[in-house]
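Undergrad: Fold the following, please.
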Amino acid sequence: MGKKNAGIKTVCENRKARHDYFIHETFEAGLVLIGTEVKSLRAGRANLKDSYGSFKNGELFIEHFHISPYEEGNRFNHEPLRAKKLLMHKAEITKLFSKTREKGFTLVPLKIYFKNGKAKLELALASGKHNYDKREDLKKKADKRDMERAMKERNKY
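TA: Okay, the predicted model is just below:
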């Protein structure tokens, strides 16, 4: 009887990622954060634009993920662009590591959310789109919108 999204509060989304990349597979990862980062995230002050996943010493990190400094954080505030460690199972990390070594694959964060009080990141294994792919997607989207509008008009009468 529970709802599917019960206990999930979305903080920010990387909407541009679905436009710029083909999403092949998604994963959920925990985030290692410090206190003022959590407070800023709860306030919704984060930006996933230009962020990506990288590997260091067999561990997974998210780079260029901007969390604005917490206003009341004074000298205990965090560095806004520091690399944040991601928590995943070892098997998932090795799978992602081997996949990203293949040509064209990258790790793109899709959204940050709180699930049962814990900060989570939806990470996607993605490959880049060319301009013609993007134009094709926009055309499909426009055609779908036109069809829905026509069906709505037809059902009016």
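
Undergrad: what's near enough to touch A126?
TA: With contact set as C-beta atoms under 8 Å, 6 or more residues apart in numbering, A126 has these partners: A17, Y21, F22, I23, H24, F105, T106, L107, V108. Every residue, glycine included, has its C-beta placed from N, CA and C.

Undergrad: give me that answer again for 10 Å
TA: A126 is in contact with 17-18, 20-26, 52, 104-108, 110, counting by C-beta atoms under 10 Å, 6 or more residues apart in numbering.

Undergrad: Quickly list what it is bridged to.
TA: I23, T106 (DSSP bridges).

Undergrad: Please report the distance of it from D146.
TA: 28 Å (C-beta to C-beta, to the nearest Å).

Undergrad: H66 too?
TA: Distance of H66 to D146, computed by C-beta to C-beta: 37 Å.

Undergrad: These two: who's more crowded?
TA: Neighbour totals were compared for H66 and D146, and H66 leads with 16 against 10 (other C-beta atoms under 10 Å).

Undergrad: for the chain, which spans come out with low pLDDT?
TA: 1-6, 73-76, 157 (pLDDT under 70).

Undergrad: Grab the nearest non-local neighbour of the residue nearest the centre of it.
TA: Central residue of the chain (C-alpha atoms, centre = their mean): L110, 1.8 Å from the mean position. Nearest in space to L110, with sequence neighbours left out and distances taken as C-beta to C-beta, 6 or more residues apart in numbering, is E122 at 4.4 Å.

Undergrad: what sits against that neighbour?
TA: Per C-beta under 10 Å, 6+ apart, neighbours of E122: 10, 13-14, 17, 26-29, 48, 108-113.
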